[in-house]
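**Q** Mind folding the following:
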Amino acid sequence: MSVRKFDHNLYHLSGAGASVVITPAVDIMHGDEKALSAVTAKAAGATDDWVKWGPNDDEPNQVVALNWESPSKPSLMDQAKEFILGAGVAPFRKRFENGKVVYERDDFQQIDEWFELEEIFEKYLELAALSMVFCEQAFVNFSIGEGSDISIQAIQPLKCRIAKPKLGIDTVLISPQFGSGKKPTQLARLPVFVRKDPTKYAESIMILKKAQIGQDFHNLGLFWGTKYWTKVANKIPLYHLNGLENGYNIKYLIEIEESYFVGDDENPEDESDAKLIEARKDAFMAKIDEFLAGVENADKAVVIIGDLTGSDGKAKDMIRIKPIDNKMTDDAYTKIYGAASTAQAQGHGILPVLAGIAEGDKLGGSGSELEHAAMYQVAYRTPSYRRHLLKPLNMALKLMNLDRDAKGSIEFRFVDIEFTTLDKNPTGKQNSLGA
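**A** Model prediction:
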């Protein structure tokens, strides 16, 4: 039955019934568990105590949960990540010409094979770039074997905490249980990668961290300042959902005299009589609901049962049906949502035109406007992220003795997508050297 009984004499007739939407839980703890098996022995005086990430040590978990309630946050983070990654990375030969640094593409078969076999893009670059977008830092498991047996993989930042240091940051603790509010039962400890002595540890954590004022250990994402705007934006769809389910479409107010359901010899105060009366009410509501069923009439009526006698004590109509004028307007909420969307895009460092947010009387812009905005985004809002992400890759080349050949030095660089005219390239785009 699609009748909802709110109180003793108050019913809501929903007609077409209701639907249930089941959303899957978001897995924020997936990833390679290799680091968890690489538990190192405790050094003398070492501790399993760590620097808390937020007052309750669950700051990133709270932010992730808030983001997944948003219709735009996940897309904004992914978009920022894609701007950082561009068309990916590739090895270049570096040389100097007329006082300028020149990078040239060439065939580096061994480097390309290592990149593919170790799944560097999948295991390192993509998650590391997303980690930088999320919290302005990335935790990278650097594994050194013999020869070219070097692997690099990013670890979910929610799994990582920096051990409380005595002299400096030297240990990272890893557990999928961080942020749960309980002491982890699975805990791995790995030393921090030593740049001056890169082969000191076979397994270590390279921390890629942008400088932040006031954050010596765990960074905060630049967009975390928009959390209140995010909460505002997240409430608006819920407001409209509840309105659609419980109020927007109410078309009729049906008032029924209480005595309509009471027999001549029945007493509503008597328990057995009261049960009969309530049963008649429920049966009557079901018939009205069936009569109003269908998409056009769904959620259209509220029924109130009460005393319809006049001020003179004389009985009036046993049933009254009053049409309700729906004056609900959502213009104000739409404007608030637009302001929240703009604030969130700015918090993620994405130009509003690239985030698909209306500015003025237009949405988006011309192709050339989007092209120049994308070029600006990449040129001025990705270089520092890219410098950090290139460090593990170029360190790997050095440790594999692939950072130099007879023609000069070799290093990884980012490659960008550049729009061009169809007469120059039939696809309308081509690769270019990134920052």
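**Q** Would you mark the buried spots in stretch 280-291?
**A** 281, 284-285, 288-289 (16 or more other CB atoms under 10 Å). From N, CA and C alone the C-beta is placed, and that goes for glycine too.
**Q** Now, those residues that are in helices?
**A** 281, 284-285, 288-289 (DSSP state H).
**Q** Pick the one among those residues closest to residue 138.
**A** Residue 138 has its nearest neighbour among these in residue 289, at 56.4 Å by CB to CB.
**Q** Show me the strands in the stretch 51-200 of the chain, by range?
**A** Taking DSSP state E, counting those that start in this stretch to define them, one finds strands in the stretch 51-200 of the chain at 89-97, 100-105, 137-144, 150-155, 160-162, 171-174, 188-191.
**Q** With distance to residue 212 as new columns, can those strands be given to me in JSON lines?
**A** Listed next are those as JSON lines, based on distance: least, CB to CB, whole Å:
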{"stretch": "strand 89-97", "distance to residue 212": "25"}
{"stretch": "strand 100-105", "distance to residue 212": "29"}
{"stretch": "strand 137-144", "distance to residue 212": "9"}
{"stretch": "strand 150-155", "distance to residue 212": "19"}
{"stretch": "strand 160-162", "distance to residue 212": "14"}
{"stretch": "strand 171-174", "distance to residue 212": "18"}
{"stretch": "strand 188-191", "distance to residue 212": "23"}
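**Q** Nearest to residue 127 among those strands would be which one?
**A** Between residue 127 and the strands of the stretch 51-200 of the chain, the tightest spacing by CB to CB is seen for strand 150-155, at 3.9 Å.
**Q** So which other helices or strands are in contact with that closest one?
**A** Packing partners of strand 150-155 (3 or more CB pairs under 8 Å, 6 or more residues apart in numbering; DSSP states H and E): helix 126-135, strand 137-144, helix 383-399.
**Q** Any buried residues in the helix or strand where residue 378 lies, and which?
**A** Per DSSP states H and E: residue 378 is located in helix 367-381. For helix 367-381, the neighbour count (16+ other CB under 10 Å) marks 373-374, 377-378, 381 as buried.
**Q** other SSEs contacting it?
**A** Applying 3+ CB pairs under 8 Å, 6+ apart, one finds that helix 367-381 contacts helix 73-85.
**Q** can you list contacts of the helix it packs on?
**A** Helix 73-85 has contacts (CB atoms under 8 Å, 6 or more residues apart in numbering) with 66-68, 125-126, 129-130, 132-134, 223, 230, 344-345, 348-350, 354-355, 374, 377-378, 381-382, 385-386, 389, 414.
**Q** mind listing what's buried in it?
**A** Across helix 73-85, burial judged by 16+ other CB under 10 Å covers 73, 76-77, 79-81, 83-85.
**Q** Farthest pair within those?
**A** Distance extremes for the buried residues of helix 73-85: the farthest pair is 73 and 85 at 18.8 Å, using CB to CB.
**Q** show me where pLDDT drops low in the stretch 151-300 of the chain?
**A** Scanning the stretch 151-300 of the chain for pLDDT under 70 picks out the ranges 239-251, 291-300.
**Q** run the last query once more with 90
**A** 165-168, 179-186, 212-216, 220-300 (pLDDT under 90).
**Q** Show the residue spans covered by the helices in it.
**A** 227-246, 271-291 (DSSP state H, counting those that start in this stretch).
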